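# I'd like to go over a predicted model; first the sequence, then the structure.
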Amino acid sequence: MLIFLKIAWRNLLRNKWRSAITISAVAIGFTSLIFIRAFVDGADSQMVENYTDLLSGHIQIHKQGFQKNMGLQRNIPSVEKIVAILKNNREVTAFSARIKEFVLISSTEHSSGVLLLGVDPEGEPRVSHLHKRIHEGKFLGSDKDIVIGKSLADTLNVKLHDKVVIMAQAFDGSLASEAYRISGFLDTGAEEIDQGIVLITLKAAQELFVLDNRVSEVVIRTTSVKDVGPVTAELKKALNDTTLEVLNWKEISPMLQQWVEFDIAFINLILLIVLLVVAAGILNTLLMGILERTREFGIMLALGTKRRQIILMVALESLILGLTGIAAGYAVGSGLAAYFGVKGINLASFSNALNNYYTGSVIYTRLSLGYMLRYGLVVLIISMLVSIYPAWRAANLKPVDAIRS
Amino acid sequence: MPLISLTNITKTYTEKSGIETPALRGINLSVEPGEFLAIAGPSGSGKTTLLNILGTLDKPNGGTFIFEGEDITNTPVIKLADFRLRKIGFVFQAYNLFNTLSALENVEYIMLLQGIPPDKRKEKAIQLLERVGLKEHTRKRPNQLSGGQQQRVAVARALATEPKVILADEPTANLDSATAGNLLELMHELNRQLGITFIFSTHDKMVMEKASRLILLKDGQISS
Amino acid sequence: MLKFCLRFLGFLTLLLNMAVISCAQGLSPQEIVKRADDLIRGDTSQGTYSMTVTTPDWKRTLELKAYSSGRDKTFIRILSPAKESGITTLRVKTNMWNYLPKVERTIKIPPSMMLQPWMGSDFTNDDLMKESSVVHDYTHKIISEENTTDGAAYKIELLPKPNAPVTWGKLIYLIRKNDFVPLRQEYYNEDGKLIKILEYSKIKKMSDREIPTVWTMISKTKENNTTIIVVSDVVYNQPIDENIFSMANLKSK
């Protein structure tokens, strides 16, 4: 067996340049695959993390139907049971309650329809990063404070500490109206937030809407934003309450999820191209080699070498080419990905487009063992499969003709 | 019992164009163990075809081929791989050896096919190479050996499986007369000492003279 | 010759008769709608009303005082309950403001809020503003005459004129034949779906005319949502001080 390996190995060495080029082709293809995947993974992860960090959180619990039809009537009367279950789940790292309703905000000059969020000043920073995006002023302090977006402030023509009035319909049908002082301006870069969302404390919102202790939603943060599916299912099961809906970010923002899936599809396309290159390269090398060694194969067969032994020899050549290419590709690809994982790739010149997609302008590439192994396996399998035809041809040579050639 | 018995063997080649060329037109041949036999004839006479059939590398279109009492006329070439491995040794005209293996490894190769364990293989290969006078050259690659040395390695390899018959297709054709003479002498010695049957195809006078029996082929038939 | 004259006279009489008949009933559908509209509005009106809103989750009653002048100006002050007492709404032409005494702030209602319910009722801000367009922004057609418990009535179909700034696809009005009292209004969206029905009932003499004193708006899209406006008292066509329809009045007590 070892001799077959020696033969395969030495045959590859016989044509150093050809083998080197084939291995390089595999290596370059594989490197690209790993690096591009790491890049896209980094970008997607950043996008999802930034988005969910900003406002939506990883999982939200509401009264059934709330996501489609917001309304104070669809509220969660008591969060006790939910809190108990959340505290019990190890994947849940933080949670906080909110009130959510459309209101009219007005300054002395303008009014605007906005989404009001009543948030817990202590709990909210643990589930979202809104408090980090205060451009001027401070986050919520007292129940008389309100935080609005910078763009909204411009529309309403107000400055810090100005008074604004919130008007809406309360839970009991009466008119809810209250004045608040602007404590800070939000600058998230996301237009829909900066123009359309205002924050007051949870308590202030409960008073405004005459809700007592009821809330609109519970926002939850988990250990992994990517693997949020299983945790969502666990919570649903634990809550066992058909009057509640438990939704994760993929269901709240399907567009975000679709974007991620689109990227994966794109990567698979690249994988296909790389496989084609690898297959073509190896096939070419093997075929040329076999053509050149027809006589040698003839003698092998004449001497009594079995067909499967011939196939083994060709397969081993393919294996060596493939493995070496993959190993080299791994080394370079993961090296690059690791380097840029720390240094980051600055796409500031394209930054405007990217900011809208929450990616940020610096992408940190992300390696993951999962896809590295999978891609290596796929490339290896293809390089083995591709050797079937040449091996078959070699094994089925007629010794007489082969020797003669 | 004769080692090999050919009865009325015919072989015809059909070109793609449909033209048929008869190579052998009814060969009757009986070979006893231990013979040192030469098959001679001009090119195109069918020597190589006959040798290929004898070596089970080609199948006749008609007639019977009996080896050690067994009729192997219709057994497919592929199934005879094992048969070839154990019973027949080959020495081709040139390019006998695998260029990527050393002389030692070339001889070892055939024993590997037989499943002989590595240490035994190596020991025997060294012995055989010594026997053919190449003790110092075991580690050399074919491109580091002369034509004559390569042929000797081929002989050593052919011996490695202790075959019943060694078939040599114009083994001296590419050698100068001195080297050719040495090679021939070696094979004759092996034939006498080990009793292995040798069948040559040749148009070298020296070989023909050395042979204990000479068969002349002309136009696919044995002429006497 | 005599025969001809007699025939001619007969023909003339017939013509005259027809003219008389159409004089009495010769109002175009548009005119009929205008009459009904004018009846409820008057050139000016001031009155006290109660509005009761019922939803599956709560029921509330507001007492209000309302003034209107022509088609352009409306002023409403909420009298009770206490939480909303003092809230005022002013509409002048196409602008609308609310004043909230609790926060001492006047709020201009942006056009985007026009379709929002006024004070949580089944009447939208737009309903309060745009009734006059019923006459000018639609084409009118009498589709039948019906006998109702309140008397014989015209059934008139109103279709929006192209490019008219209205959201409805169709309106159906039931208007009493002899005195143009509106009995019923049906509101359809652009897909032909019935969205809400306004029923006028308890026709009584108020001020100088007979008007329905109970207006019931029933939502056909939100189950069990109704708004009932009861006219407590109303005076028509008495001159109203222009200052009533001012920003200053919005804020006054």
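Structure received.
# the closest residue to chain C within chain B in helix, strand or coil?
Going by C-beta to the nearest C-beta, chain C is nearest to residue B:16 of chain B, at 76.6 Å. No exception for glycine: its C-beta is placed from N, CA and C like everyone else's. Following DSSP: H, G, I helix; E, B strand; the rest coil, residue B:16 is assigned to coil.
# residues near it, how many?
5 (other C-beta atoms under 10 Å in any protein chain shown).
# do the same with residue A:217
By other C-beta under 10 Å, the residues close to residue A:217 number 24.
# let me see the contact set for it.
When the contact criterion is C-beta atoms under 8 Å, 6 or more residues apart in numbering or on different chains, the partners of residue A:217 are A:60, A:61, A:62, A:66, A:76, A:97, A:98, A:100.
# farthest-apart pair in these, please.
Across the contacts of residue A:217, the longest distance by C-beta to C-beta is 13.3 Å; it joins A:66 and A:97.
# buried residues in stretch C:119-136, which are they?
Neighbour counts over stretch C:119-136 (16 or more other C-beta atoms under 10 Å in any protein chain shown) mark C:119-130, C:133-135 as buried.
# swap that for stretch A:230-238, please
By 16+ other C-beta under 10 Å, the buried positions in stretch A:230-238 come out as A:231, A:232, A:234, A:235, A:236, A:238.
# next, format the residues you listed as JSON lines and append distance to residue C:199 and secondary structure.
Formatted as JSON lines, these follow (distance: C-beta to C-beta, whole Å; DSSP: H, G, I helix; E, B strand; the rest coil):
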{"residue": "A:231", "distance to residue C:199": "53", "secondary structure": "helix"}
{"residue": "A:232", "distance to residue C:199": "48", "secondary structure": "helix"}
{"residue": "A:234", "distance to residue C:199": "53", "secondary structure": "helix"}
{"residue": "A:235", "distance to residue C:199": "48", "secondary structure": "helix"}
{"residue": "A:236", "distance to residue C:199": "46", "secondary structure": "helix"}
{"residue": "A:238", "distance to residue C:199": "50", "secondary structure": "helix"}
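# and the one helix or strand residue B:126 maps to, what's buried?
Applying DSSP states H and E as the criterion places residue B:126 in helix B:118-131. Going by neighbour count (16+ other C-beta under 10 Å), the buried part of helix B:118-131 is B:121, B:122, B:124, B:125, B:126, B:128, B:129, B:131.
# the strands in the chain, which residues?
Just so you know, I chose chain A. Under the criterion DSSP state E, chain A contains strands at A:59-63, A:92-106, A:111-119, A:134-137, A:145-149, A:163-169, A:175-186, A:197-201, A:217-222, A:244-248, A:345-346, A:362-363.
# ah, I was thinking of chain C
C:44-54, C:59-69, C:73-80, C:88-92, C:95-100, C:105-108, C:138-148, C:151-160, C:170-176, C:182-188, C:194-206, C:209-219, C:226-236.
# let me have the ones you listed in JSON lines, extended by distance to residue A:310.
Shown next, in JSON lines, are these (distance: least, C-beta to C-beta, whole Å):
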{"stretch": "strand C:44-54", "distance to residue A:310": "90"}
{"stretch": "strand C:59-69", "distance to residue A:310": "91"}
{"stretch": "strand C:73-80", "distance to residue A:310": "98"}
{"stretch": "strand C:88-92", "distance to residue A:310": "95"}
{"stretch": "strand C:95-100", "distance to residue A:310": "91"}
{"stretch": "strand C:105-108", "distance to residue A:310": "89"}
{"stretch": "strand C:138-148", "distance to residue A:310": "91"}
{"stretch": "strand C:151-160", "distance to residue A:310": "85"}
{"stretch": "strand C:170-176", "distance to residue A:310": "85"}
{"stretch": "strand C:182-188", "distance to residue A:310": "83"}
{"stretch": "strand C:194-206", "distance to residue A:310": "82"}
{"stretch": "strand C:209-219", "distance to residue A:310": "84"}
{"stretch": "strand C:226-236", "distance to residue A:310": "90"}
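# need those in CSV (columns: mean neighbour count, distance to residue A:106 and mean pLDDT).
Putting the strands of chain C into CSV (neighbours: other C-beta atoms under 10 Å in any protein chain shown; distance: least, C-beta to C-beta, whole Å; pLDDT from 0 to 100) gives the following:
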stretch, mean neighbour count, distance to residue A:106, mean pLDDT
strand C:44-54, 18, 23, 92
strand C:59-69, 19, 21, 91
strand C:73-80, 19, 18, 91
strand C:88-92, 20, 14, 90
strand C:95-100, 19, 9, 89
strand C:105-108, 19, 4, 88
strand C:138-148, 14, 33, 90
strand C:151-160, 18, 31, 91
strand C:170-176, 21, 32, 92
strand C:182-188, 21, 29, 92
strand C:194-206, 16, 28, 91
strand C:209-219, 19, 27, 92
strand C:226-236, 18, 25, 92
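# mean confidence for stretch A:22-35?
Averaged over stretch A:22-35, pLDDT sits at 90.
# gap between that stretch and the chain center?
24 Å (C-alpha atoms, centre = their mean, to the nearest Å).
# show residues contacting that stretch.
Contacts of stretch A:22-35 with the rest of the structure, by C-beta under 8 Å, 6+ apart, involve A:267, A:270-271, A:273-274, A:277-278, A:281-282, A:284-285, A:321-322, A:324-326, A:328-330, A:332-334, A:336-337, A:365, A:367, A:372, A:375-376, A:379, A:383.
# hmm, 7 Å instead?
Here stretch A:22-35 makes contact (C-beta atoms under 7 Å, 6 or more residues apart in numbering or on different chains) with A:270-271, A:274, A:277-278, A:281-282, A:285, A:321-322, A:324-326, A:328-329, A:332-334, A:336-337, A:372, A:375, A:379.
# near chain A, anything from stretch C:209-225?
No. Using C-beta under 7 Å from any C-beta of the partner chain, stretch C:209-225 stays clear of chain A, coming no nearer than 10.9 Å.
# quick one: residues in contact with that stretch.
Applying C-beta under 7 Å, 6+ apart, the contact partners of stretch C:209-225 are C:39-40, C:54-56, C:122-123, C:179, C:181-182, C:194-204, C:206, C:226-231, C:236.
# swap in stretch A:221-232?
A:48-49, A:52, A:57-59, A:91-94, A:126-127, A:246, A:248-249.
# now do that stretch, average pLDDT.
For stretch A:221-232, mean pLDDT rounds to 88.
# before we move on, what about stretch A:305-319?
For stretch A:305-319, the mean pLDDT works out to 89.
# buried ones in that stretch?
Applying 16+ other C-beta under 10 Å to stretch A:305-319 flags A:305-307, A:309-319 as buried.
# that one: how far from the chain's middle?
The chain centroid and the centroid of stretch A:305-319 are separated by 42 Å under C-alpha atoms, centre = their mean.
# what stretches of chain B score poorly on pLDDT?
By pLDDT under 70, the weakly predicted segments of chain B are B:224.
# which phi and psi does residue A:78 have?
Main-chain torsions, residue A:78, degrees, to the nearest 10: phi -140, psi 130.
# could you check how many residues crowd around it?
By other C-beta under 10 Å, the residues close to residue A:78 number 11.
# output the contacting helices and strands for the helix holding residue B:126.
Packing partners of helix B:118-131 (3 or more C-beta pairs under 7 Å, 6 or more residues apart in numbering or on different chains; DSSP states H and E): helix B:103-113, helix B:147-160.
# which element, helix or strand, includes the residue most central in space within chain B?
For chain B, residue B:167 is the residue whose C-alpha lies nearest the centre (C-alpha atoms, centre = their mean; 1.7 Å). For residue B:167, the host element (DSSP H and E) is strand B:165-169.
# and that strand, which strands flank it?
strand B:88-91 (parallel), strand B:197-202 (parallel) (DSSP bridges).
# tell me which residues in that strand are buried?
Buried residues in strand B:165-169 (16+ other C-beta under 10 Å): B:165, B:166, B:167, B:168, B:169.
# residues of the helix or strand harbouring residue B:26 that come out buried?
For residue B:26, the host element (DSSP H and E) is strand B:20-31. Residues of strand B:20-31 classed as buried: B:23, B:24, B:25, B:27, B:29, B:31 (neighbour count, 16+ other C-beta under 10 Å).
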